[in-house]
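Q: I would like to see how this sequence folds:
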Amino acid sequence: MITLDRLVNVLGGYGVRLCGRPESRSTWLRSVAIPDAADHHVAGDVLLAVGTSSLAEAVRWAAAAKAEAVLVRPARTGTGTGTDTGGESGGRSGADVEREAAEIADRYGVAVLLADPAVSWSQLAGMVYGLVLESRETASGRGPTDLFALADNLADVIGGAVTIEDRHSRVLAYSRSQQGGDPARLETILGRRVPERLRELFRQQQVFARLAATDEPVFVPADAEHGLTGRMAVAVRAGRELLGSVWVGCAGPLTGDHRRALADGARTVALHLLRSRASADLERQVESDLVIRLLEGSADAATVISRLGLVPQAIRVIAVRAYTPDDRHAALLLALEQATTGFGWSRPGRSALLGDTLYTVLPAERAEAARQWISALHSELPARVRVAAGIGAPAEAADLAAGRQEADECLALHESAGPGTAPPAYDESWDDILLRRLRAAARTGRAPARGPVSALLRHDTRHGTHFVATLRAWLESQGDLTLAAERLAVHPNTVRNRLRKMGELGPLDLYDARRRLAMTIMLAALEDEPRH
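A: Next up, the predicted model:
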C-alpha cells in the first residue's frame, strides 16, 4: 500500500509524469490491474494500460476498472498520444500530450501517469507491483538475495564465474562458481568493489564508455599484469539509464546461446535492480521525511525516533558535505545513497539530504563513534571524493534542531581546517565555535573600533611594535610576567617596558577583571584561526 504522491515521486526518477487530478495525490493505492481481453471486469487502484490504442481508451478502461490512476506508455515513434501498440501518433509535442492527458483525467476522474517510452512495460510493471503490493518489504529489510541466485543461474548456463555490479563498480552479487575466475575477481569480491587500478585499466580500454553506449556485450581481453583473465561484460539498463553491469569470466568472446543468455540475464537483473531501487527510493523518502521533522524540531520527536527504529538514547547530528574538485553534486548524492544503503535494522543512523548537506542522526554517546561512522562512509566513496563533516553534541530527540545547528557550525569549522584533520564535535570544540562566531561578528564591523585593543593594533601597524602580541601573552599568562616573556621569547623586563608604553597610549585597566575579559574576547575575535 502506498499513496499516489509517493508512487509519483519514486517513478518520477524514471521519467513518469502525473497529468491532471493533483488533488488525488494523497489517495492510497492498494491494488494493481492489467487489462485482460478474456476478463472485462478487472479492477484495481492502478491500471497498467498495456495494449491500449490511445490515451483516451486507456483512461476509459481505467474508469471502468474503478482505478484511481492509470499508467500509460506512449509510443516510441512520434510524440503523439498513441500508446506502444501503435495508435494515434500525430507528431504532437510532449506538452500537447500532457495537456490532453490532464483534460481527459479531469473528465473521467482518473489520474494519468505518462511513462517514458524508453522504459519497458516489464520494468514499469515490476516497479509498480513492488511499490504498491510490497512497499513494506523494501530493500532495507529484504536484501539482494535474489541477485545471488540469479548470478548462480547465469554461471551454470554460461559456464563462467559471474559478478553483478552497480554503476559505480560496487559488487551487488556474485556466483558460487569460480570457473573462469581470477585474482582480480577475488580482489573485487573481497573489497566489494572493483579496485581503482582495474577501473583505470577499463577506462583506458574504453570498456565503461562502450557499456554506456551499447546494449551489446563487450569483451575484455586478459591482462596477466593485473591478474585478469578474459571476461564479457554487458550493461544493465532501464530505459536510457545505466543501472550497472554483469561480468562473466571467459577465455574469448561469447557467442550463440551463451551470448544470448548473458543479454537475457542482464534484462532480468535490470528488473531486480529496478524493484530494489524503487523500494529503496521509497524507503529513503519515508526516512528522509522523518529525519527532517527531527531536524526542524518535531513536537512528537519521541514518536518519530520510534518510527525510525532508533534507540531512544543520546543522539548526535552529523552534517556531511562530499564533493570532487570538478563536481559538488554527484558525490553528495553518492554519499546519500551509501548512507541509506543496507538493512534498515543494521544501519546505525538515519539520513536525509537538505540543500547541499547530508544529515544523519546517529545514536552515539561518544564523538569517536560518530567519527568512525564518517570514516566508514568516506571509505566507501571513490578516492577522488573529499569529505568534510561536523558532529553535534549528544542530545535528546526533542533537541535535535539545536544539534543540527551545532553540526553545521562544526562542519564549517572542518571545511576551514587543514587537510587530514578529524571532524570536530561540538562538545569538544565549543570554544573554537564561539571564537568563530566572534570573528564573524568582527568581520561585519561590530567589534569596537575605538577601544584599547584597536588602538594598540593601529599603533603596531604604523610603528612596527608588538603591543597586541604582548597584551595577548600577558592575558593568557594571567599576569605572570615570566610566563608571558617565555611565550614571547623575550626578557621579562621587555614585557614590563612594553606594558608601561602601552599604558601611555591610553588606559588599559589591566587590573579590572571585566576589562581584562573584554580585551581577551576582542583579541580572540581578531585571530584568523583557532589556536591550540
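
Q: Which helix or strand in the protein has the lowest average pLDDT?
A: The weakest-scoring helix or strand in the chain, judged by mean pLDDT, DSSP states H and E, is helix 139-142 (a mean of 37).

Q: what pairs with the closest residue to residue 308 other than its chain neighbours across the strands?
A: In space, and not counting its chain neighbours, residue 308 is closest to residue 350: 4.8 Å by CB to CB, 6 or more residues apart in numbering. All C-beta spots, glycine's among them, are computed from the backbone N, C-alpha and C. Note on residue 350: beta-bridge partners residue 361, judged by DSSP bridges.

Q: and residue 350, how many neighbours does it have?
A: For residue 350, the count of nearby residues is 25 (other CB atoms under 10 Å).

Q: can you check residue 164 too?
A: Residue 164, neighbours per other CB under 10 Å, totals 25.

Q: ok, and what's touching the helix or strand hosting it?
A: Element membership for residue 164, per DSSP states H and E: strand 162-166. Residues from elsewhere that reach strand 162-166, judged by CB atoms under 8 Å, 6 or more residues apart in numbering: 147, 150-152, 154-155, 171-175, 177, 185, 188-189, 193-194, 236, 243-249, 265, 269, 273.

Q: For residue 471, pull up the helix or strand it's in.
A: Applying DSSP H and E, one finds residue 471 within helix 467-476.

Q: Buried residues in that helix, which are they?
A: Neighbour-count burial for helix 467-476, with 16 or more other CB atoms under 10 Å as criterion, is recorded at 467, 468, 470, 471, 472, 473, 474, 475.

Q: For the fifth one, which non-adjacent residue is closest in space?
A: Closest residue to residue 472 in three dimensions, ignoring its sequence neighbours and counting by CB to CB, 6+ apart: residue 523, at 5.0 Å.

Q: was I right about the one you found contacting residue 473?
A: No: in this structure residue 523 lies outside contact range of residue 473 using CB atoms under 8 Å: 10.2 Å.

Q: hang on, the earlier thing: please produce a markdown table containing the buried residues of helix 467-476, extended by distance to residue 17.
A: Conversion of the buried residues of helix 467-476 to a markdown table gives the following (distance: CB to CB, whole Å):
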| residue | distance to residue 17 |
| --- | --- |
| 467 | 69 |
| 468 | 63 |
| 470 | 70 |
| 471 | 67 |
| 472 | 63 |
| 473 | 67 |
| 474 | 70 |
| 475 | 65 |
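
Q: Put together CSV for those, with distance to residue 356 and pLDDT on each row.
A: Listed next are those as CSV, based on distance: CB to CB, whole Å; pLDDT from 0 to 100:
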residue, distance to residue 356, pLDDT
467, 43, 93
468, 38, 93
470, 43, 94
471, 41, 93
472, 37, 91
473, 41, 93
474, 44, 93
475, 39, 91
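
Q: Of those residues, which is the nearest to residue 504?
A: Among the buried residues of helix 467-476, residue 467 lies closest to residue 504 (CB to CB), at 10.8 Å.

Q: State the distance from that closest one to residue 5.
A: Between residue 467 and residue 5 the distance is 66 Å, computed by CB to CB, to the nearest Å.

Q: Please apply the same query to residue 496.
A: For residue 496 relative to residue 5 (CB to CB), the value is 75 Å.

Q: cool, and residue 460?
A: Residue 460 is 63 Å from residue 5, by CB to CB.

Q: can you check residue 357 too?
A: 25 Å.

Q: Could you do residue 213 as well?
A: Distance, residue 213 to residue 5, using CB to CB: 36 Å.

Q: Between those two, point out the one with more neighbours.
A: residue 5 (15 against 12).

Q: okay, that one: pLDDT?
A: pLDDT recorded at residue 5 is 80.

Q: Now do the closest residue to it other than its chain neighbours against residue 8, distance only.
A: The shortest distance from residue 5 to any non-neighbouring residue, by CB to CB, 6+ apart, is to residue 25 (3.9 Å). Distance, residue 25 to residue 8, by CB to CB: 7 Å.

Q: do the same with residue 515
A: Residue 515 is 64 Å from residue 8, by CB to CB.

Q: what angle sits between the host helix or strand of the residue nearest to residue 472 and helix 467-476?
A: Assigned by DSSP H and E, residue 523 belongs to helix 513-526. Calculated by axes from the mean of the first three to the mean of the last three CA atoms, to 10 degrees, helix 513-526 forms an angle of 120 degrees with helix 467-476.

Q: Show me how far stretch 408-419 is from its chain's centre.
A: Counting by CA atoms, centre = their mean, to the nearest Å, stretch 408-419 is centred 20 Å from the centre of its parent chain.

Q: Okay, buried residues for that stretch please.
A: Under 16+ other CB under 10 Å, the buried positions of stretch 408-419 are 408, 409, 410, 411, 412, 413, 414, 417.

Q: now the first one, nearest residue through space, not along the chain?
A: Translated: residue 408. residue 319 (5.5 Å).

Q: what's the answer for the third one, then?
A: Across the structure, with CB to CB, 6+ apart as the measure, the residue nearest residue 410 apart from its sequence neighbours is residue 390 (2.8 Å).

Q: How about the second one?
A: Once flanking residues are discounted, residue 409 sits nearest to residue 433: 4.9 Å by CB to CB, 6+ apart.

Q: To what extent is that neighbour buried, counted in neighbours?
A: Count around residue 433 with other CB under 10 Å applied: 19.

Q: Would you confirm that it contacts residue 425?
A: No: here residue 433 does not reach residue 425: they are 10.4 Å apart, not a contact under CB under 8 Å.

Q: any shared contact partners between these two?
A: With CB under 8 Å, 6+ apart as the test, residue 433 and residue 425 both reach residue 410.

Q: orientation of the helix or strand where residue 288 lies relative to strand 162-166 in degrees?
A: Taking DSSP H and E as the definition, one finds residue 288 inside helix 256-295. If you take the same axes, to 10 degrees, helix 256-295 sits at 40 degrees to strand 162-166.

Q: which residues in the stretch 301-450 of the chain form helices?
A: According to DSSP state H, counting those that start in this stretch, the stretch 301-450 of the chain carries its helices in the segments 301-307, 330-339, 367-379, 400-416, 426-443.

Q: And the longest one, what does it pack against?
A: Here helix 426-443 touches helix 400-416, helix 513-526, going by 3 or more CB pairs under 8 Å, 6 or more residues apart in numbering; DSSP states H and E.

Q: Repeat that for the third one.
A: For helix 367-379, the helices and strands in contact under the criterion 3+ CB pairs under 8 Å, 6+ apart are strand 315-323, helix 330-339, strand 357-363, strand 386-391.

Q: run the last query once more with 10 Å
A: strand 315-323, helix 330-339, strand 357-363, strand 386-391, helix 400-416, helix 426-443 (3 or more CB pairs under 10 Å, 6 or more residues apart in numbering; DSSP states H and E).

Q: Any quick PyMOL command for the buried ones out of the contacts of strand 162-166?
A: Buried subset of the contacts of strand 162-166, written as a PyMOL selection, criterion 16+ other CB under 10 Å:
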select buried, resi 147+150+151+152+154+155+171+172+173+174+175+177+185+188+193+194+236+243+244+245+246+247+248+249+265+269+273
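
Q: Now intersect the contacts of strand 162-166 with the helices, please.
A: 147, 150, 151, 152, 154, 155, 185, 188, 189, 265, 269, 273 (DSSP state H).

Q: what about the protein, any weak spots by pLDDT?
A: Within the chain, the set of residues satisfying pLDDT under 70 comprises 37-40, 75-93, 134-145, 180, 278-280, 342-346, 442-449, 527-532.

Q: so which of the helices and strands packed on helix 367-379 gets nearest residue 46?
A: helix 330-339 (26.9 Å).

Q: starting at the chain centroid, how far to the closest one?
A: That offset, for helix 330-339, works out to 3 Å (CA atoms, centre = their mean).

Q: thinking again about what came up before, check which helices and strands the helix holding residue 523 is in contact with.
A: Helix 513-526 makes packing contacts with helix 426-443, helix 452-463, helix 467-476 when contacts are defined by 3+ CB pairs under 10 Å, 6+ apart.

Q: Done for today, thanks.
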